[in-house]
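*Asks:* Structure for the following, please:
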Amino acid sequence: MTAQARIHTVLARSLQPRRPLTVSQWCDEHMRLSTKGSSKAGRWVTDRNPPLREPMDNMSARSPVHDQACMFPIQFGKSQIATNSIAYWMDYAPAPIMYALPGEASMNKWVNQKLNPMIEVCKAVRKALSSTASRDSSNQRTFKDFAGGQLYVEHMGSPQRLKSTTVKNLVVDEIDEAPQVLLTGDDPVKMLDGRTSSFPTTYKRLYISTPGITGLSRISKLYEKSDQRRYHLPCPHCGHFQHLQWSGLHWSPDAKHAWYACSECGACIEEHHKADMIAAGRWVPANPDSPIRGYHINCLYYQFGLGPRWIDLVREWLDAQNDPASLKTFVNDRLAETWEDPKMRAVKHNVIADRAEGYRLRHAPRGVLAITVGVDTQDNRLAVHVVGWGRGMTAWTLDYVELAGDPAEEDVWVALTDLLNRPIEREDGVQLRPSATAVDAGGHRTEAVKNYVRQRKITRVMCIFGAVPNNAPILSKGKLADVTWKERTDKRGITIHHVGTVAAKHYLYSRLAADAERQAEARLVRFSDELPQEFFPGLVSEVYNPVKNRFEKRVTRNEPLDTWVYAYAAAHHAEVRLHRFTKSDWDALEAKLAAAVASAGADSRGTHAGAKNSHGDAQGQGTMDSRGTGGQRPAHGGSGARPRSAGFGRDGWGL
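*Replies:* Numbering: from 1, shown residues only. Predicted coordinates:
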């Protein structure tokens with residue numbers, strides 16, 4: 001070849017447009033797998049696991065897909081989709097990239113087992129990194145600088161790591177393990193989404209995870225918003241396309257043979273057909289109008305040599321039947337489905353709303369013998385839940401109201417005082433007043449709550465905080481918080497109590513679940529049909545996470561739940577202790593209320609016309625706090641006779 005021809009060849013190659021490649025094509029040509037992170041080390045071959053091809057190709061430079069969610073079982077290749085995409089971006093389509101993991105431990109594991117081994121064995125990626133040899137000192141474990149872009153590896157436990165970074169391509173791995181809320185109050189996933197704002201038409205966002213708990217699973221919520229693709233396979237007998245479901249798998253009584261039953265012809269599909277079926281399969285969307293791509297697949301699609309056989313999965317399933325923790329792990333990790341505690345199915349908000357009864361708000365049914373109140377403090381309102389209690393701690397929601405106003409100002413507290421000092425009439429005419437009120441001091445208005453409690457304008461008002469330990473009692477022993485001018489504990493100051501919210505929510509949810517099997521008159525937690533519809537989703541707004549042993553929000557507004565918990569805690573007040581009542585205690589309280597009704601009836605006939613009670617209460621003898629005392633006792637005990645018993649004593653309930 002002449003010199004002129006060689007020059008022409010070099011010029012032609014330099015001016016030739018770059019060959020368009022998808023992620024799968026690039027990986028088949030350049031990608032290598034390391035023995036440190038793969039059971040099949042060596043050259044990457046996409047055809048070994050065909051369901052990965054489409055999700056990978058959606059991350060290609062020319063693909064119109066922007067957002068993608070992959071809800072896959074463990075060890076199916078979901079992290080490999082992300083690793084392959086990163087390698088492709090670094091070499092073929094350089095741009096700023098962020099790879100986010102739930103915590104620092106998972107971040108370090110991914111760097112050591114996935115990223116560094118990939119760089120070692122993949123020449124194309126090493127070449128991209130060597131193009132910035134003059135800046136090698138800037139390439140660290142969690143930061144890589146390459147021509148045309150940078151790779152940031154971050155964890156979602158710190159808001160500082162998620163700020164001040166602009167990226168075009170974002171990968172969020174194990175999104176279900178991400179914190180629900182950071183210490184700053186931010187949602188870490190929303191913060192990550194904002195990192196791609198500078199690339200509104202070319203960004204790529206990939207979310208991958210096994211699912212977690214129903215109602216809390218982020219990947220499940222994303223999949224529900226997506227076009228909901230499942231991998232459909234042709235039946236080797238009739239050709240009908242279907243996606244494999246665990247309910248379609250059958251096995252022999254001795255668990256030594258497993259097969260799949262076609263949903264169309266009912267023929268038995270042996271596992272040896274699986275490889276050919278997967279090769280001929282395709283992803284089919286159930287919600288094609290969604291702009292988000294969503295992929296869901298389960299353990300029945302494991303290729304030979306890349307995962308357990310069907311019969312192995314059957315044995316794993318059978319072993320998990322008597323162990324809820326193992327069953328949850330199988331459902332999440334193998335079936336790639338969300339786990340729902342059977343008890344939680346009975347506390348759906350619509351099911352509870354259907355059980356609402358026809359009593360009026362602020363009018364107590366005959367079974368109500370005592371009242372407590374829970375108050376939740378927000379920056380712009382007070383949420384107030386009035387709960388009536390009867391035998392067996394049967395609970396009626398008598399009122400739920402949100403008082404608008406900043407608790408830092410006086411007006412909203414005046415409204416609260418007026419609301420709680422107005423008696424609630426029972427259907428037989430007796431006037432009931434709250435025995436105790438618990439006001440949450442958490443949040444931004446702590447001092448305002450303390451100031452209100454110090455004034456004692458309502459009966460037995462308590463200042464409470466949610467307890468940190470998950471095994472805390474419903475109501476802790478009070479601790480004096482104020483000091484005198486001599487810097488000694490002020491016995492007349494406010495007392496701080498901590499509420500075991502986890503235990504209280506378990507108590508409520510277990511009773512709501514039990515009520516599903518009871519007749520209306522025997523239910524333990526009861527509601528008026530006059531309550532607003534948004535009350536019921538708020539009442540069951542949290543889901544128990546057994547991994548963290550705590551309840552977590554699944555909807556934003558949870559004040560109905562929190563305030564019910566606080567009202568239940570108020571029933572544990574040292575001078576009230578409704579939870580300790582025996583049958584004789586309830587009998588005595590009911591007798592006192594009956595006597596009050598009779599006295600009120602006598603007054604109405606003129607027997608005691610115009611008479612006042614011993615404290616000068618113009619309300620008359622029919623008005624009672626639920627201690628069974630005629631008339632309202634002074635909230636602070638400043639005037640009038642002091643009761644002989646600190647609580648609902650069994651010795652005559654006397655004052």
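*Asks:* pLDDT weak spots in the stretch 201-350 of the chain?
*Replies:* Within the stretch 201-350 of the chain, the segments meeting pLDDT under 70 span 342-346.
*Asks:* At which residues are the helices of it located?
*Replies:* All helices of the stretch 201-350 of the chain, identified by DSSP state H, counting those that start in this stretch, fall at 218-225, 274-279, 310-319, 324-333, 342-345, 349-354.
*Asks:* Not counting the second one itself, show me its contacts.
*Replies:* Counting by Cβ atoms under 8 Å, 6 or more residues apart in numbering, the neighbours of helix 274-279 from elsewhere in the structure are 47, 50, 51, 231, 233, 234, 235, 236, 269, 301, 303, 304. Any C-beta I mention is one placed from the backbone N, CA and C, and that applies to glycine too.
*Asks:* Report the buried residues of that helix.
*Replies:* If you call a residue buried by 16 or more other Cβ atoms under 10 Å, then helix 274-279 has these buried ones: 274, 277, 278.
*Asks:* Make a markdown table out of those residues and add distance to residue 218.
*Replies:* Converted to a markdown table, the buried residues of helix 274-279 look like this (distance: Cβ to Cβ, whole Å):
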| residue | distance to residue 218 |
| --- | --- |
| 274 | 31 |
| 277 | 31 |
| 278 | 28 |
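*Asks:* Show me which of those residues is closest to residue 98.
*Replies:* Proximity to residue 98 was ranked across these by Cβ to Cβ; first place goes to residue 278, at 32.3 Å.
*Asks:* So the closest one versus residue 304, what's the distance?
*Replies:* To residue 304, residue 278 is 10 Å away according to Cβ to Cβ, to the nearest Å.
*Asks:* do residue 256 as well
*Replies:* Per Cβ to Cβ, residue 256 is found 18 Å from residue 304.
*Asks:* Tell me how far stretch 481-499 lies from the chain's centre.
*Replies:* Distance of stretch 481-499 from its chain centroid, counting by Cα atoms, centre = their mean, to the nearest Å, is 36 Å.
*Asks:* Just the mean pLDDT for that stretch, thanks.
*Replies:* Across stretch 481-499, pLDDT averages out at 85.
*Asks:* got any ranges where the protein has weak pLDDT?
*Replies:* Within the chain, the stretches with pLDDT under 70 are 12-18, 131-139, 342-346, 547, 600-655.
*Asks:* try it again with 50
*Replies:* Counting by pLDDT under 50, the chain shows low-confidence ranges at 133-137, 607-622, 626-655.
*Asks:* Quickly list the domain ranges of it.
*Replies:* The record assigns the chain these domain ranges, following automatic domain parsing: 21-333, 350-583.
*Asks:* Just tell me which of the ones you listed ends up closest to residue 595.
*Replies:* Among the domains of the chain, if distance is taken as Cβ to Cβ, the winner is domain 350-583, at 9.7 Å.
*Asks:* ranges for the strands of the stretch 301-450 of the chain?
*Replies:* Under the criterion DSSP state E, counting those that start in this stretch, strands of the stretch 301-450 of the chain are mapped to 363-364, 370-378, 381-389, 395-404, 424-426, 431-433, 436-440.
*Asks:* Would you point to the one among the helices of the stretch 201-350 of the chain that's packed deepest?
*Replies:* Comparing the helices of the stretch 201-350 of the chain by mean neighbour count (mean count of other Cβ atoms under 10 Å), helix 218-225 ranks first with a mean of 21.
*Asks:* From the contact counts, what lies against that one?
*Replies:* Contacts defined by 3 or more Cβ pairs under 8 Å, 6 or more residues apart in numbering; DSSP states H and E place helix 218-225 against strand 67-71, strand 204-209, strand 293-296.
*Asks:* how big is the angle separating that helix from strand 67-71?
*Replies:* The directions of helix 218-225 and strand 67-71 differ by 120 degrees, with axes from the mean of the first three to the mean of the last three Cα atoms, to 10 degrees as the criterion.
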